[in-house]
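1. Quick one, what's the 3D model for this:
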Amino acid sequence: MSKIQIENNAVNQRIRFDPLIVGSNVRDWFLLLKPRVISLVVFTGIVGIILAPGYANPFISLISIICICLASGGAGAINMWYDQDIDRVMNRTITRPLPSGRVQSSDALIYGITVSIISVILMFLATNFFASFILAFSIFYYSVIYTVWLKRSTPQNIVIGGAAGAFPPLIGWISVTGQIQLFPIILFLIVFFWTPPHFWSLSLYACKDYGRAGIPMLPVVKGARHTRWQIFIYTILLAIVSLLPVYFHFTHSVYMVAALILNVGFMFMAICVLLEKQDHSGKSLRSDKAARWSFRFSLIYLFFLFLALIIDHYIYDLWGV
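-> The predicted structure is shown next:
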């Protein structure tokens, strides 16, 4: 019996004896929205709303946040529907509602489309056409451009597809102002350049999963050593982009200090990934411990970087310090 067959048998055993898999329930429909994935994305959208100039009606802002949340969740459900074939052979996704059989395929697709449409219509009625258009485009980008086209066709899927998760701060800003400006574009770029080192760290220790599923993630196609260098390069680019709000005087010392500290931390993680003890091909000899820490730190990095934007905004722009 081959190694892959043994692994697949182990996966099947997980499904067969998992006590949670006893038909669909409310929790399964909630999981289809990828709540853990969208939580950080929605937070960046909230920051976009807070930083936008002018008066942001609290009720309208709340609706905008709900719309961003629904749009991200709806796109996530469509993504799960399309990817259910590869989710069945990946250890980290096998217990999702669709591959485990707890939710029917057609139901998940209808659910994802319906939630997405509701989010766009509600955004249009509550804010403006421009915000609803960008919201609709972000759904299309993630569901079709990334999920259907890029993910299975190119090792640059994460780089190009990273735009999908970078739209929320832009959408949040436009929902308040009705127009696009340089600051929200920079916020978009921060998330865009954050995405590759974030997901490539994950792909280093989930490489076998992606290889089994036939997904051309960078370490599968180009190897672990090449991926380590790409993580390092994109972390440098991210550091540069994250300081643009300071360069253009959109932020002040609070954000600058926070950005410098967080970038030093992320650079340290990238260097650890690059220099981790490895074989001649770049595969870790320490169970990808550095990549796992880098992935976790990347989540902390983005959250606290955007939190620093809020704190800086309230201290200097609203309180006049």
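2. From here on, just use CA atoms for contacts and neighbour counts.
-> Fine.
3. Might one say that Ile139 is in contact with Cys69?
-> No. Look at Ile139 against Cys69 with Cα atoms under 8 Å: they stay out of range, at 11.3 Å.
4. Mind checking which of the two has more residues around it?
-> Neighbour tally, Ile139 and Cys69, criterion other Cα atoms under 10 Å: the higher count belongs to Ile139, 28 against 23.
5. what mean pLDDT does whichever strand or helix holds that one have?
-> Using DSSP states H and E, Ile139 sits within helix 129-140. Across helix 129-140, the average pLDDT comes to 97.
6. I'd like to know which elements it is packed against.
-> Using 3 or more Cα pairs under 8 Å, 6 or more residues apart in numbering; DSSP states H and E, the elements in contact with helix 129-140 are helix 58-82, helix 105-126, helix 167-177.
7. I'd like those as TSV, with mean pLDDT and distance to Pro99 appended.
-> Formatted as TSV, these follow (pLDDT from 0 to 100; distance: least, Cα to Cα, whole Å):
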stretch	mean pLDDT	distance to Pro99
helix 58-82	96	9
helix 105-126	97	9
helix 167-177	97	29
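8. for the ones you listed, which one ends up most surrounded?
-> helix 167-177 (a mean of 28; mean count of other Cα atoms under 10 Å).
9. starting at the chain centroid, how far to that one?
-> 17 Å (Cα atoms, centre = their mean, to the nearest Å).
10. So which residues make contact with it?
-> Residues outside helix 167-177 that contact it (Cα atoms under 8 Å, 6 or more residues apart in numbering) are 41-42, 44-56, 61, 64-65, 68, 127-128, 130-131, 134-135, 138, 179-180, 184-185, 187-188.
11. Ranking helices and strands of this protein by mean pLDDT, which lands last?
-> helix 3-17 (a mean of 45; mean pLDDT, DSSP states H and E).
12. which strands and helices sit next to whatever helix or strand comes next after that helix?
-> Next along the chain after helix 3-17, taking DSSP H and E as the criterion, comes helix 26-31. Using 3+ Cα pairs under 8 Å, 6+ apart, no helix or strand is in contact with helix 26-31.
13. Just the pLDDT for the spatially most central residue of the chain.
-> For the chain, Gly165 is the residue whose C-alpha lies nearest the centre (Cα atoms, centre = their mean; 5.1 Å). Per-residue confidence (pLDDT) for Gly165: 92.
14. Hmm, Arg92 and Ala213 touching each other?
-> No. Assessed by Cα under 8 Å, Ala213 is found out of contact with Arg92, at 11.6 Å.
15. Quick check: closest non-adjacent residue to the residue nearest to the centre of the chain.
-> The spatially closest residue to Gly165, leaving aside those adjacent along the chain, is Val41, at 6.4 Å (Cα to Cα, 6 or more residues apart in numbering).
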